[in-house]
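Engineer: kindly return the folded structure for what I paste below:
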Amino acid sequence: MLNDDDLIFPDWPAPSNVKALQTTRRGGFSAAPYDSLNLGMHVGDDPLLVARNRQQLNRHVPTEPVWLNQVHGVTVVDAALAGCVPDADAAFARSAGAVCVTMTADCLPVLLCDQGGGVVAAAHAGWRGLCDGVIEATVDAMHAAPETLMAWLGPAIGPQAFEVGEEVRQELIAAHSDAISAFAPSSHGKWLGNLYLLARQRLNRLGVTAVYGGGIDRDFCTCTDQERFFSFRRDGATGRMATMIWLA
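Structural biologist: Next comes the predicted model:
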């Protein structure tokens, strides 16, 4: 049974009507390598077990979350109006009870809300999404002044584990020159990238300066914390975690 101890609740000063949670890999029914709370229908797990895992969330959320078919793009949908499993990588909501969700297994989940508790959003921000502007598209869709927004960065692959090639580094630097500070040399011409810093840079550039979370220690890295988190980089075949936000 899924208990509160199996979940992470964002530590941020969001308004009281803004509710959010982050799942881990604990508390579900799936067998290895998807053990145990896999919420992804697209990763090769038994669909019936995934359905049971999603059903476990019922007592934690007001309605069925708006699950997305994530394609590493920048499309943002209104969770209150979206159809069944839309192709999108972010969702926002102004209506109470509409649950925005993003699924990850190394990519960065980003939650957003405004200080007045009138709008929330969840974005799937891997390096490609960050490069192409998924955070910018999400903030734009919220129709709120950036200085009134706050963000929470959930579990992602940490800067000590996210090794990329020169081509990835160059794409991100070409998109925004300040991204150069988010990379440190690794071995064999590779680089270690900091998704958390890249996201903070994008948010700060927009005017969103109230940024929380971010996993600044190794224990919040999806790749190195095998007990709590799924990691595609570490395991290949693996499950997906969910990061959710809604208005009460």
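Engineer: give me the neighbour count for G165.
Structural biologist: Applying other CB atoms under 10 Å, we find 12 residues neighbouring G165. Quick note: C-beta positions are derived from backbone N, CA and C, even for glycine.
Engineer: any idea how far it lies from Q56?
Structural biologist: 38 Å (CB to CB, to the nearest Å).
Engineer: just give me how far the longest helix anywhere in the chain sits from the chain centre.
Structural biologist: What stands out as the longest helix in the chain, according to DSSP state H, is helix 195-206. Mean-position distance between helix 195-206 and its chain equals 14 Å (CA atoms, centre = their mean, to the nearest Å).
Engineer: C-terminal to it, what's the next element?
Structural biologist: The helix or strand immediately downstream of helix 195-206 is strand 210-213, counting by DSSP states H and E.
Engineer: give me the contacts around the helix or strand that that following strand is followed by.
Structural biologist: Going down the chain from strand 210-213, the next helix or strand is helix 232-235, by DSSP H and E. With contact meaning CB atoms under 8 Å, 6 or more residues apart in numbering, helix 232-235 is reached by 33, 105-106, 157, 161-162, 222-223, 226, 238.
Engineer: how about a cut-off of 7 Å?
Structural biologist: 33, 105-106, 157, 161, 223, 226, 238 (CB atoms under 7 Å, 6 or more residues apart in numbering).
Engineer: which of those has the most neighbours?
Structural biologist: I157 (29 neighbours).
Engineer: picking that back up, and the contacts of helix 232-235, which is closest to A79?
Structural biologist: Among those, A105 lies closest to A79 (CB to CB), at 21.6 Å.
Engineer: next, the contact list for the nearest residue to A90 once chain neighbours are set aside, please.
Structural biologist: Here the nearest residue to A90 in space, its sequence neighbours aside, is A123; by CB to CB, 6 or more residues apart in numbering that works out to 3.9 Å. Contacts for A123 (CB under 7 Å, 6+ apart) come out as 89-90, 102, 110, 134-135, 138.
Engineer: show me the beta-bridge partners of A123.
Structural biologist: Using DSSP bridges, the beta-bridge partners of A123 come out as A90, V110.
Engineer: would you map the helices across the protein?
Structural biologist: Secondary structure of the chain (DSSP H): helices located at 47-55, 127-132, 134-142, 166-175, 195-206, 232-235.
Engineer: what about the residue most central in space within the chain, distance to S187?
Structural biologist: Nearest to the mean C-alpha position of the chain, by CA atoms, centre = their mean, lies P109 at 1.3 Å. Between P109 and S187 the computed distance is 29 Å (CB to CB).
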